[in-house]
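Novice: missing the sequence, but the structure's below:
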């Protein structure tokens, strides 16, 4: 293959360590700036190279394997933080570690109101995979916090959508497509987010969740209250009993009072109130298989219970974390779960109207087996049309996304 | 500017009419000129065109059949909800079909366990809240036209409202959509869970102004009614002092559900129209609303009152009952229509600046006004920097309209110059399509076009809206003479 020779781009051969879902890229390129990335992609187009992006490398085993990977773009050179505290807005380079962003914002008493599901990732990677953890009930998920985005298209053209103000309805909101798009429509180079002040006080109220009925009762009592939780998360760890967590954010006096109301709503014994979220809050394990399930919120308590019990019968232990009001559940297997077991869990999660499930991350032996990773994805024809229009040669991570996109 | 077809005369269309009647029934197809004329504009009445034919489908199947027929014959169609939009986004096509969703107004399902409702596109925004309020819920997006505007229209425009400062826009409150694509296919996206697999088509569809299809069924999130809501009215002797208070509230980490600001001219107009009894001598008033758990709101109210005082407020009123709160809102809500009392004609502009640039931009607007002799009243959503300058002029005076347009356009330039937007909530439509290049570069616009073509390849879905076209971009921006037709008839508020 012809090496693209571009200024401000360091190029080297790919190794096993660079593999994306088992596919080793021929070359790895690290552009120093947006212009260099644009030139690189224009050159890649000339040579017909297939391209994928890597941020922190924490989701290289996510999605389906690319059909071809000539060039892996390492975005770590695209790292900058332009924080405008007065406007509660920040523009961030895609290669910026999420942890760096969190630190800079915390120093100003602000935050990006979303809980990452992985540690060690970059902003670009968080956007490309598009997942949000528990704290999404007030400010929304990650996609709701993006107010502007710049991407480099497959042909090397740099294009921006949105802007730097929160209230803005000019043009199509293309950031929505790139968020969770696995880099198949363009390579994200920067994003602008709306921010929120850090709450002065936090209370995390939790209670044992011995049965789906108990969780349903607690969820109903919470819905009937006006405590306005930031998160309602049912967590079934790989080892240990399940608990229901309710996160409250606000003032010292306010959260104390709301925590009392919440504790009563959760009822029973074993209620605990913490003044901070524990380390690792919202993170899913970084090994084993990972499944994302969507279902009507009211069905989640039963569904989680059913899936955990089914996994037990299949001889594999699973853990789960479910944002009840959002109807979103992440299910993870202990390493080594058989492909049959994973496949069977996916099938079970998909049965029932309004339910869907995708296998976000598969261990190699599961990836090699014939598992239906995406399931039925509504609107696939429209997604294909969008892909054909923005990446007509299908050179951006071909095959890594739903329906072979 | 307006093109008017006396009858449904275009051959392509005339051939279609019998088939449209088969689909929508006799009473679902309007061909008489007088009846078609009812639909010649939306809320921005400056732009007018009589639609070639009007259809009023009642089911998704009918919408799909109408759109398929249009696709088959290459006939353009324009979707329309309640027609309250302010960017001529529902301006009809003289040789096309106007597809009105007003007969699709069933609330299909209210599902409290899942905290959502499934509605047809013609359902009036406020009707969702009316239906669920007895259960302690409401539908959060509250555009000022919420008494009449449709949820389908809200989806097309990604509507916000005074309270979007805290609760966000329509896009944050829609879980599922059934859409009819520009080729006439019915696609169901999302459902009762938040989010979906694959590309976020729902997110990209919302705010696409009818150029990517028609939403025929919408699953919206319901929000728990807050335990307490308190509205404050704070009066200042200068706009700068009012602006300082806004900055202080935000910097203190308080997130009100709304922060609205009016200047002296806007207050004068509101007093003349509705005798809102705002504090005498105010050069600026702030309306701040706080809602949430009582234990949080009470603390926040104290802080906001103190911050306003520290910024120089000479009077602050606090109201926590619905009637008292409505009194405070009365002046603010009447402001747009009220300027009709002090000026024969006016242009309502909609631009956004970063909140920290508000002071400077307001100063520049005042300078523009002084230089041109054109008065500008400022009423705006201060919390998010969304300006609604009302550019006042006398349309009987030669050249005044043109000068007003220049001032209005210059204000948008100021917004863009300061890193803001050409529209915060009214949308691009026809009115601002030609202003898109002020905010976006050629590559950005070309990328929008690539996306549009992917889902609307034949270009028949709401042509001429949202993106600039050579044909359009010689025309003038929208001038409002007198009040919004629905405000005049007492059917709607606009603020």
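Specialist: Structure received. It should be emphasised that the depicted structure is a prediction, and the values quoted were computed from it without experimental measurement.
Novice: tell me the mean pLDDT over stretch B:440-455?
Specialist: The pLDDT scores in stretch B:440-455 average 97.
Novice: so does that stretch get close to chain A?
Specialist: Yes - using Cβ under 8 Å from any Cβ of the partner chain, stretch B:440-455 comes into contact with chain A via B:440-441, B:443-444, B:446-448, B:450-455. The C-beta positions use only the backbone N, C-alpha and C, and glycine is treated the same way.
Novice: So what touches that stretch?
Specialist: Stretch B:440-455 has contacts (Cβ atoms under 8 Å, 6 or more residues apart in numbering or on different chains) with A:153, A:157-161, A:170-172, A:174, A:177, A:382, A:385-386, A:388-390, B:181-182, B:204, B:211-213, B:436-437, B:459, B:466-468.
Novice: Can you tell me the SS state at residue B:316?
Specialist: Per DSSP: H, G, I helix; E, B strand; the rest coil, the local secondary structure of residue B:316 is strand.
Novice: So it is in contact with residue B:310, correct?
Specialist: No - contact criterion Cβ atoms under 8 Å: residue B:316 and residue B:310 do not qualify, at 11.3 Å.
Novice: Comparing these two, which residue is more hemmed in?
Specialist: Counting neighbours by other Cβ atoms under 10 Å in any protein chain shown for residue B:316 and for residue B:310 shows that residue B:316 has the greater number, 20 against 11.
Novice: Quick check: that one vs chain A, distance?
Specialist: According to Cβ to the nearest Cβ, to the nearest Å, residue B:316 stands 20 Å off from chain A.
Novice: per-residue confidence for that residue?
Specialist: 97.
Novice: show me where the stretch 151-300 of chain A has strands.
Specialist: Assigned by DSSP state E, counting those that start in this stretch, the strands in the stretch 151-300 of chain A fall at A:158-162, A:187-194, A:196-197, A:201-208, A:231-236, A:243-250, A:272-274, A:290-294.
Novice: Chain B - how does it break down into domains?
Specialist: Domains of chain B are assigned by automatic domain parsing as B:1-103, B:107-224, B:226-339, B:343-495.
Novice: By mean pLDDT, flag the weakest helix or strand of chain B.
Specialist: Across the helices and strands of chain B, mean pLDDT, DSSP states H and E gives its lowest value to helix B:485-488, namely a mean of 64.
Novice: thinking again about what came up before, buried subset of the contacts of stretch B:440-455?
Specialist: For the contacts of stretch B:440-455, a neighbour count by 16 or more other Cβ atoms under 10 Å in any protein chain shown gives the buried set as A:153, A:157-161, A:170-172, A:174, A:177, A:382, A:385-386, A:389-390, B:181-182, B:204, B:211-213, B:436, B:466-468.
Novice: can you list the strands of the stretch 151-300 of chain A in JSON lines and add mean pLDDT?
Specialist: Shown next, in JSON lines, are those (pLDDT from 0 to 100):
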{"stretch": "strand A:158-162", "mean pLDDT": "98"}
{"stretch": "strand A:187-194", "mean pLDDT": "98"}
{"stretch": "strand A:196-197", "mean pLDDT": "95"}
{"stretch": "strand A:201-208", "mean pLDDT": "97"}
{"stretch": "strand A:231-236", "mean pLDDT": "97"}
{"stretch": "strand A:243-250", "mean pLDDT": "98"}
{"stretch": "strand A:272-274", "mean pLDDT": "97"}
{"stretch": "strand A:290-294", "mean pLDDT": "98"}
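Novice: Would you mind giving these as CSV with distance to chain B added?
Specialist: Formatted as CSV, the strands of the stretch 151-300 of chain A follow (distance: least, Cβ to the nearest Cβ, whole Å):
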stretch, distance to chain B
strand A:158-162, 4
strand A:187-194, 9
strand A:196-197, 3
strand A:201-208, 10
strand A:231-236, 11
strand A:243-250, 5
strand A:272-274, 15
strand A:290-294, 4
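Novice: Would you tell me whether stretch B:218-238 gets close to chain A?
Specialist: Yes - Stretch B:218-238 lies within reach of chain A by Cβ under 8 Å from any Cβ, at B:224-227.
Novice: pLDDT on stretch B:359-376, on average?
Specialist: Mean predicted confidence for stretch B:359-376 is 95.
Novice: Repeat that for stretch B:46-58.
Specialist: Mean predicted lDDT for stretch B:46-58 stands at 96.
Novice: Next, count neighbours for residue B:197.
Specialist: By other Cβ under 10 Å, neighbour count at residue B:197 equals 21.
Novice: The residue of the stretch 51-200 of chain B found nearest chain A: what's it in contact with?
Specialist: Nearest residue of the stretch 51-200 of chain B to chain A: residue B:193, at 3.0 Å (Cβ to the nearest Cβ). Going by Cβ under 8 Å, 6+ apart, residue B:193 touches A:294-297, A:326-328, A:354, B:175.
Novice: For the residues you listed, work out which two are farthest apart.
Specialist: A:326 and A:354 (13.7 Å; Cβ to Cβ).
Novice: More neighbours: which of the two?
Specialist: Here residue A:326 and residue A:354 are set side by side on neighbour count (other Cβ under 10 Å), and the busier one is residue A:326, at 24 against 16.
Novice: Can you classify the residue nearest to the more buried one when sequence neighbours are not counted by secondary structure?
Specialist: Once flanking residues are discounted, residue A:326 sits nearest to residue B:194: 4.3 Å by Cβ to Cβ, 6 or more residues apart in numbering or on different chains. With three-state DSSP as the basis, residue B:194 sits in coil.
Novice: what's the neighbour count on residue B:194?
Specialist: Neighbourhood size, residue B:194 [other Cβ under 10 Å]: 27.
Novice: Of the residues of stretch B:218-238 next to chain A, just say which sits nearest to residue A:53.
Specialist: Distances from residue A:53 to the residues of stretch B:218-238 next to chain A, taken by Cβ to Cβ, are shortest for residue B:224, at 40.0 Å.
Novice: got the contact list for the closest one?
Specialist: Taking Cβ under 8 Å, 6+ apart as the test, what residue B:224 contacts is A:223, A:226, A:228, B:115, B:136-137.
Novice: Now with 7 Å, please.
Specialist: Neighbouring residues of residue B:224 by Cβ atoms under 7 Å, 6 or more residues apart in numbering or on different chains: A:226, B:136-137.
Novice: same question, residue A:65
Specialist: A:21-23, A:367, A:399.
Novice: can you do 10 Å?
Specialist: Counting by Cβ atoms under 10 Å, 6 or more residues apart in numbering or on different chains, residue A:65 makes contact with A:19-23, A:362, A:367-368, A:373, A:397, A:399-400.
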